[in-house]
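A.B. asks: Mind folding the following:
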Amino acid sequence: MLRRLNGFFHLPRRKQWMLLEAFCLSGVMRLALLVVPFRRLAVFLGSQAEESPWEEDDARVQVAGEIGRAVETACCFTPWKSKCFIQALTAKIMLRQLGIANTLYLGMDRNGRKEIEAHAWLRCGELIVTGGRGRERFTTLGKFTD
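C.D. replies: Here you go, the predicted structure:
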């Protein structure tokens, strides 16, 4: 634990702030999902059934990648559950604050059984910012863009 803290303090200030923002914002998103019905949250996710452009400025895609890594890293250390939907929402808000176009996808899969499995991922340009692993097997049910 001390090694990780030491590593954190040796990061550039910009990355430290990004990790702290991702950590705190993931907590806010988790609380919002527990308290607010999804239909009310959906209003804040952006335009439904539309997608952001697949072509995006390289500098913006690079920032989106940094945000995605920060969110995934920070969510490994949260005392609350911070799975794919929390991560996608957190990264979406961080990208929105910077004016970077993105699309949040919600999907489901029956997983070969009667159980339904859900997944969320976020895209900026051609980059999958969060939730990239295994997304191919999910059928897209909804998408939201800024």
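A.B. asks: All the strands of this protein, residue numbers only.
C.D. replies: 47-48, 103-109, 117-124, 127-130, 139-145 (DSSP state E).
A.B. asks: What pairs with the third one, parallel or antiparallel?
C.D. replies: So the one you mean is strand 117-124. Here strand 117-124 has these sheet partners by DSSP bridges: strand 103-109 (antiparallel), strand 127-130 (antiparallel).
A.B. asks: can you tell me which of those comes nearest to Leu34?
C.D. replies: Closest to Leu34 of these, according to C-beta to C-beta: strand 103-109, at 17.7 Å. Bear in mind the C-beta positions are built from the backbone N, C-alpha and C, glycine included.
A.B. asks: how many neighbours does Thr105 have?
C.D. replies: That one is not Thr; residue 105 is Tyr. Tyr105 sits with 21 neighbouring residues when counted by other C-beta atoms under 10 Å.
A.B. asks: Buried deepest among the strands paired with strand 117-124, which one?
C.D. replies: Of the strands paired with strand 117-124, the one with the most neighbours on average (mean count of other C-beta atoms under 10 Å) is strand 127-130, at a mean of 22.
A.B. asks: What's the mean pLDDT across that one?
C.D. replies: The average pLDDT within strand 127-130 is 97.
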